[in-house]
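Asks: I'd like to go over a predicted model; first the sequence, then the structure.
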Amino acid sequence: MIEKLVTSGTFSLDGGTWDVDNNVWIIGDSTEVIVIDAAHDAEAIAAAIGDRTVKAIACTHAHNDHIDAAPALARLTGAPILLHPADLELWRMTHPDTAPDGDLSDGQVLTVAGADLTVVHTPGHAPGAICLHGPELGAVFSGDTLFQGGPGATGRSFSDFPTIITSIEKRLLTLPADTIVHTGHGVSTTIGGEAPHLLDWITRGH
């Protein structure tokens, strides 16, 4: 099962603050789940989970809008918070007194309800940005690395456009074309749907 919950709040970085809607992804079955990106509203996420066991709260990156509810959700569910260590500096901007419980590393496999989610390190939007690829689900959870229409934003601190393009080219466009891309904001897309204009970008060196 793949469930999507949309929560609303703000994203703040480099002195600016913007209103945002975030996708919270809940993957599992009737007994256990993994939560991808605990955004804004821990109680709403906990209500969507119900009495199911939360095996992990996986963070695709540590921008505040993707992690602001993570410690509260961890307290409500007893689940560990997992983050790529390259994003610890960003994490501390939001939660200076709380650390993640464990690391996410490239190639690591998280298993829930018989399905494997493989961690794919995709820096660029943030140094520790990761995607989670579920081959049995025919899906990749891309955080803010890839959206319908192109890559995630790279105009702020800790981000780099050539790096995100390399991550997408080497780590995501190699997935099957029919892989569904479940994004951190907005609507889902597919690898095949995004590949043509991304490859054009890469070919032109942009």
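Replies: That came in fine, so what should we check first? None of the values given here were measured: they were computed from a predicted structure. Residues are numbered from 1 along each chain as shown.
Asks: Regarding the closest residue in space to Glu169 that isn't next to it in sequence, what is its secondary structure?
Replies: Spatial nearest neighbour of Glu169, excluding adjacent residues (CB to CB, 6 or more residues apart in numbering): Ile202 at 5.4 Å. C-beta: built from backbone N, CA, C; applies to glycine. Assigned with DSSP: H, G, I helix; E, B strand; the rest coil, Ile202 falls in the helix class.
Asks: How about stretch 190-200, which residues are buried there?
Replies: The neighbour-count check on stretch 190-200 (16 or more other CB atoms under 10 Å) flags Thr190, Ile191, Gly193, Glu194, Ala195, Leu198 as buried.
Asks: Please flag which of those sit within strands.
Replies: Thr190 (DSSP state E).
Asks: from the buried residues of stretch 190-200, which has minimum pLDDT?
Replies: In terms of pLDDT, Leu198 ranks lowest among the buried residues of stretch 190-200, with 82.
Asks: Just name whatever secondary elements the worst-scoring helix or strand of the chain on mean pLDDT is in contact with.
Replies: Lowest by mean pLDDT, DSSP states H and E among the helices and strands of the chain is helix 191-204, with a mean of 82. Judged by 3 or more CB pairs under 8 Å, 6 or more residues apart in numbering; DSSP states H and E, the packing partners of helix 191-204 are strand 150-151, helix 161-167.
Asks: Can you give the contact residues for stretch 37-54?
Replies: With CB atoms under 8 Å, 6 or more residues apart in numbering as the test, stretch 37-54 has contacts from 3, 5, 7-9, 22-26, 28, 30-35, 57-60, 65-70, 72-79, 81, 143, 184.
Asks: which residue ranges form the strands in the protein?
Replies: Under DSSP E, the chain gives strands at 2-13, 16-28, 32-36, 53-58, 81-83, 102-103, 109-112, 115-121, 130-134, 139-143, 146-147, 150-151, 180-183, 189-190.
Asks: Deepest-packed of these, please.
Replies: Greatest average neighbour count among the strands of the chain goes to strand 139-143 (a mean of 27), per mean count of other CB atoms under 10 Å.
Asks: That one pairs with which strands, and in what direction?
Replies: Strand 139-143 has the following sheet partners, assigned by DSSP bridges: strand 130-134 (antiparallel), strand 180-183 (parallel).
Asks: Let's have those strands in JSON lines, adding distance to Asp87 and mean pLDDT.
Replies: Output for the strands paired with strand 139-143, formatted as JSON lines (distance: least, CB to CB, whole Å; pLDDT from 0 to 100):
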{"stretch": "strand 130-134", "distance to Asp87": "9", "mean pLDDT": "98"}
{"stretch": "strand 180-183", "distance to Asp87": "18", "mean pLDDT": "98"}
